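*Asks:* Provided below for reference: sequence and predicted model.
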Amino acid sequence: MAVQKLPLAKAINESLRKALETDPKVLLMGEDIGKLGGVFRVTDGLQKDFGEDRVIDTPLAESGIVGTAIGLALRGYRPVVEIQFDGFVFPAYDQIVTQLAKMHARSLGKVKLPVVIRIPYGGGIGAVEHHSESPEALFAHVAGLKVISPSNSQDAYWMLQQAIQSDDPVIYFEPKRRYWDKSDVDTDAIPAPLHSARTLRQGTDLTLVAYGPMVKVCLEAAAAAEEEGKSIEVLDLRSMSPIDFDSIQASVERTGRLVVVHEAPVFYGSGAEIAARITERCFYHLESPVLRVGGFHAPYPPARLEEEYLPGLDRVLDAVDRSLAY
């Protein structure tokens with residue numbers, strides 16, 4: 001059977017396995033991804049099946065991991081590197097922003113850098129500092145990088161396949177609080193274009209846009225709002241760079257209202273760019289201002305406070321009510 005119900009983490013594992021089987025130039029690199037299978041066991045069993053030359057346990061040095069991946073890509077390989085947690089990526093930020101993102105343009109298009117950087121991100125797992133952050137906007141701001149995030153197992157499998165096959169560097173953010181959520185994966189499906197948004201629920205009164213871990217919350221909010229007679233459309237953005245503004249615009253032109261939701265702080269977040277663009281594009285269709293729901297502009301709090309920090313059902317429904325009240 002091509003269709004099976006898998007946790008999101010297992011879907012990523014199966015996608016990596018398929019890539020390793022299909023292309024001998026695909027390599028996996030990261031801290032503890034081999035014998036241990038990664039801290040979340042996402043790469044479990046891959047080193048045993050493909051060997052230490054293709055699934056490589058690296059030193060604890062993110063800059064070295066990404067720098068090595070850049071060199072491998074220049075020699076024709078397709079490295080997929082894992083950053084253990086979101087907050088650990090910053091030692092490699094210089095390599096990613098000043099080298100990985102720039103070399104294609106620097107070489108006038110002659111050099112390709114097919115590097116995928118997997119980053120588990122977001123909160124909701126009761127972790128300590130540097131283990132629950134959402135830094136996607138820092139990478140989406142950088143020209144030369146593609147930035148994506150799946151919200152379900154089907155997208156986790158296929159978006160990773162597409163990222164590995166891409167000749168551009170891709171930052172692949174994995175919503176770690178959804179690793180154990182199960183959904184159907186069809187390994188024979190024809191995937192949607194990598195950077196296209198997807199409508200998960202039709203509605204007529206308001207559009208909710210989210211990506212990664214917040215998509216599930218928005219679907220729950222739409223279901224709760226339906227009990228009060230409100231018809232909410234839910235759009236899974238899937239890609240933060242580039243952004244499928246056409247799909248958002250088409251939805252907002254139907255509903256007249258937009259609320260953007262992400263875990264990252266609202267201040268300078270992805271929602272700010274979406275709000276600005278959609279206000280420009282849909283000014284005469286909007287019945288209310290575009291509203292944003294996200295984390296607070298503060299360092300990520302201790303685990304016992306994270307439920308107060310993270311946007312949940314109540315904060316999304318409050319924004320829906322405020323938008324509909326205009």
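*Replies:* Arrived safely, thanks for sending. Numbers count the residues shown, from 1 in each chain.
*Asks:* could you pull out the strands for the chain?
*Replies:* 3-7, 26-30, 55-57, 78-82, 116-121, 146-148, 170-175, 182-186, 198-201, 206-210, 232-236, 239-241, 258-265, 291-295 (DSSP state E).
*Asks:* export those to TSV and append columns for mean neighbour count, distance to Cys218 and mean pLDDT.
*Replies:* Using the backbone N, CA and C atoms, a C-beta is placed for each residue, glycine as well. Putting the strands of the chain into TSV (neighbours: other Cβ atoms under 10 Å; distance: least, Cβ to Cβ, whole Å; pLDDT from 0 to 100) gives the following:
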stretch	mean neighbour count	distance to Cys218	mean pLDDT
strand 3-7	15	21	95
strand 26-30	22	31	98
strand 55-57	19	35	97
strand 78-82	25	28	98
strand 116-121	27	17	98
strand 146-148	25	18	98
strand 170-175	26	13	98
strand 182-186	16	16	96
strand 198-201	16	8	98
strand 206-210	29	4	98
strand 232-236	26	5	98
strand 239-241	23	16	98
strand 258-265	26	6	98
strand 291-295	22	9	97
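*Asks:* surely Ser15 meets Ala156?
*Replies:* Yes. The pair Ser15 / Ala156 is scored as a contact, 7.0 Å apart, by Cβ atoms under 8 Å.
*Asks:* neighbour count: the two, which is higher?
*Replies:* Ala156 (31 against 24; other Cβ atoms under 10 Å).
*Asks:* quick one: contacts for that one?
*Replies:* By Cβ atoms under 8 Å, 6 or more residues apart in numbering, the contact set of Ala156 is 8, 11-12, 15, 150, 174.
*Asks:* what about 6 Å?
*Replies:* 8, 11-12, 150 (Cβ atoms under 6 Å, 6 or more residues apart in numbering).
*Asks:* how about low-confidence regions in this protein?
*Replies:* The model of the chain has pLDDT under 70 over residues 1.
*Asks:* which residues of it fall in helices?
*Replies:* For the chain, applying DSSP state H gives helices covering 8-22, 46-50, 62-74, 93-94, 103-106, 136-140, 153-165, 214-226, 245-255, 270-282, 306-309, 313-324.
*Asks:* closest one to Thr207 among those?
*Replies:* Using Cβ to Cβ as the measure, helix 245-255 is the one of those that comes nearest Thr207, at 4.4 Å.
*Asks:* what is the nearest of the contacts of Ala156 to Asp244?
*Replies:* Using Cβ to Cβ, these come closest to Asp244 at Pro150, 14.5 Å.
*Asks:* would you mind measuring from Ala222 to Gly122?
*Replies:* 20 Å (Cβ to Cβ, to the nearest Å).
*Asks:* which of those two has more residues huddled nearby?
*Replies:* Using other Cβ under 10 Å as the criterion, Ala222 and Gly122 rank with Gly122 on top: 27 against 23.
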